[in-house]
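Colleague: have a look at this prediction, sequence included:
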Amino acid sequence: MAKTHILAIDQGTTSTRSLVFDARARRIATAQTEFEQIYPAPGWVEHDPEGIWRDVLSTAREAIAKSGVGADGIAAIGITNQRETTIVWDRATGEPLYNAIVWQDRRTAEHCQALKADGAESDIRARTGLLVDPYFSATKIGWILDHVDGARARAERGELAFGTIDSFLLWRLTEGRVHATDVTNASRTMLWNIHDNRWDAEMCALLGVPDSMLPDVHDNAHIFGTTAPGLFDAEIPIAGIAGDQQAALFGQACFARGSAKSTYGTGCFLLLNTGEEAITSDHRMLTTPAYRIGGKTTYALEGSIFVAGAAIKWLRDGIGVITHARETNDMATQVPDSHGVYMVPAFVGLGAPHWDPDARGAIFGLTLGATQAHLARAALEAVGYQTLDLIEAMVMDGGGRPAILRVDGGMAANDWLCQFLADLLQAPVERPDDLETTARGAAFHAGLAVGLWSGLDELEAIWSRDACFEPDMPDDKRSRLIAGWQDALGRTLRKN
Ligand SMILES: Nc1ncnc2c1ncn2[C@@H]1O[C@H](COP(=O)(O)OP(=O)(O)O)[C@@H](O)[C@H]1O
Ligand SMILES: O=P(O)(O)OC[C@H](O)CO
């Protein structure tokens, strides 16, 4: 059978999906399952690695079956994953020593404070492009080595392996034959030198991670290995790996310097392609490889907002203002403005560009005329204002102002939000016909590696648009709205 399809595995924070794409990158089959979040203590978040592996295998088999092309028709597998989440396993048995410690987990906050107090932040930033924060993998690895009996000694003897989820899945898919990752996942560990393209010995020493634990690092489009016999009805090359936000940038065909995508799910992650230049941000953005193909790295600036769709979920589950997230679209349309109501959704602090972990959510401007519709509109507007703040920070960093913003994620289905984004950013907002851009990005990498697609030009031609929202708001209104947001934000930030 002709091998013309790609299986993408998208292992996310709350669900595991497997999707089959055809040679035009059209999604022809999807299988998905949600899984358990484990909260052993306040601020701790874990996942069961064995459960993740079972879900990957079962959804992959189901998606292949649904596609009707059979394992024989699959040219390659692409993996994309929640980033930073950390697993340490035994090289001899493949068994994890501890649950996966998830990117949201804050248990290493004190370690990070100590690193900052020791003045390590600027060096870490210069080498890795990251801020010092429990978000990234290195302090999580250290925690496992220091809290699982005998782990540090075993790591020093070379008996243990570390990996982000992609790397663990690759190990399992190849039955322990391959211990590797890609450059985007490596770059989220705080151990990877983004300029020299190597594990950084000084970072490993500073953070107490033996280099024998670390995976080999390859391009995103690369034949990492082949699935072990018996897992599927055919042995399939694993030919693409990328962290989920970088995969979404790639899936959105943001290949040119200055192109940008924003993914609106629970939170929002905005990545701006900065070409061959790794821009160090003065405004607390992250510098990150977007992709590496043929040994050549393309970089991005990244801004992360912790709460986007989660505020809509709060309107539904927390205070019962709506029954379905999609209702917010009509509610926002019903009123001419938010009636002076501003929501600052700092439910878990504020991420980029403020990084204020102690800020808390607030609603300003309430009068007796305020209604549920105004509240819904204010929640959507807050996503727009925060996106604008990220773009302005990136512009000040020298990343350039994106001519167009491409959006995806569940919340991008909201037309009103897309229009408001266009109005605030004064730039067209484009939505692709398939919002599963993360999986598509992983499929793109895998397809490139096995020659299903010839190069970026062909991928760009494959990308197709569902809608384009053009800016249409008078300047004075825009300025007035933004001034109101900045006032509300200023009152919320803890330093005020
Ligand atoms: N039409 C909509 N309008 C506003 N918010 C929405 C809409 N549809 C979904 N959402 C929000 O988007 C989020 C789901 O998006 P998704 O990309 O599936 O998130 P994740 O992958 O982070 O779980 C939820 O928080 C939900 O409240
Ligand atoms: O799994 P998601 O879509 O919530 O993405 C998580 C990010 O990769 C965390 O950095």
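Modeller: Done, it's in. Numbers count the residues shown, from 1 in each chain. Ligands and ions are numbered 1, 2, ... in the order given.
Colleague: straight-line length of stretch 133-142, end to end?
Modeller: Stretch 133-142 has an end-to-end distance of 14 Å (criterion: CA to CA, to the nearest Å).
Colleague: that stretch near ligand 2 at all?
Modeller: No. Stretch 133-142 does not reach ligand 2 (CB under 6 Å from any ligand atom); its nearest approach is 7.1 Å. To be clear about C-beta, it is placed using only N, CA and C from the backbone, and glycine gets the same treatment.
Colleague: ok, and what's touching that stretch?
Modeller: For stretch 133-142, the external contacting residues (CB atoms under 8 Å, 6 or more residues apart in numbering) are 84-86, 88, 101, 103-109, 111-112, 130, 162, 164, 188-191, 203, 207-209, 213, 355.
Colleague: quick one: mean pLDDT for that stretch?
Modeller: Regarding stretch 133-142, the rounded mean pLDDT is 94.
Colleague: run through the strands of the stretch 151-300 of the chain in chain order.
Modeller: For the stretch 151-300 of the chain, applying DSSP state E, counting those that start in this stretch gives strands covering 160-164, 180-182, 192-193, 198-199, 216-218, 221-226, 237-243, 260-264, 268-275, 286-293, 296-305.
Colleague: ok, which of these comes nearest residue 21?
Modeller: In terms of CB to CB, the element of the strands of the stretch 151-300 of the chain nearest to residue 21 is strand 237-243, at 11.4 Å.
Colleague: tell me where the model's unsure across the stretch 151-300 of the chain.
Modeller: Counting by pLDDT under 70, the stretch 151-300 of the chain contains no low-confidence segment.
Colleague: for it, which residues are neighbours of ligand 2?
Modeller: Residues of the stretch 151-300 of the chain found near ligand 2 (CB under 6 Å from any ligand atom) are 243, 244, 245, 265, 266.
Colleague: now tabulate those residues in CSV and tack on neighbour count and distance to ligand 1.
Modeller: As requested, those are exported to CSV (neighbours: other CB atoms under 10 Å; distance: CB to the nearest ligand atom, whole Å):
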residue, neighbour count, distance to ligand 1
243, 30, 14
244, 28, 9
245, 26, 11
265, 21, 3
266, 19, 3
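Colleague: helices of the stretch 251-400 of the chain, residue ranges please.
Modeller: Ranges of helices in the stretch 251-400 of the chain, per DSSP state H, counting those that start in this stretch, are 309-313, 327-334, 372-396.
Colleague: can you name the element that comes right after the last one?
Modeller: This means helix 372-396. Where DSSP states H and E defines the elements, the next helix or strand beyond helix 372-396 is strand 405-408.
Colleague: helix, strand, or coil at residue 65?
Modeller: Secondary structure state of residue 65, per DSSP: H, G, I helix; E, B strand; the rest coil, is helix.
Colleague: how many other residues sit next to it?
Modeller: Counted with other CB atoms under 10 Å, residues neighbouring residue 65 total 15.
Colleague: get me the contact residues on the stretch 351-496 of the chain for ligand 1.
Modeller: For the stretch 351-496 of the chain, the residues in contact with ligand 1 (CB under 6 Å from any ligand atom) are 409, 410, 411, 413, 414.
Colleague: let me know the closest of those residues to ligand 1.
Modeller: Minimum distance to ligand 1 across those is 2.2 Å, recorded for residue 410 (CB to the nearest ligand atom).
Colleague: so that closest one makes contact with residue 268?
Modeller: No. Contact criterion CB atoms under 8 Å: residue 410 and residue 268 do not qualify, at 11.2 Å.
Colleague: and the two? which has more neighbours close in?
Modeller: residue 268 (26 against 16).
Colleague: residues contacting that one?
Modeller: Listed by CB under 8 Å, 6+ apart, the contact partners of residue 268 are 262, 304, 305, 308, 383, 386, 387, 409.
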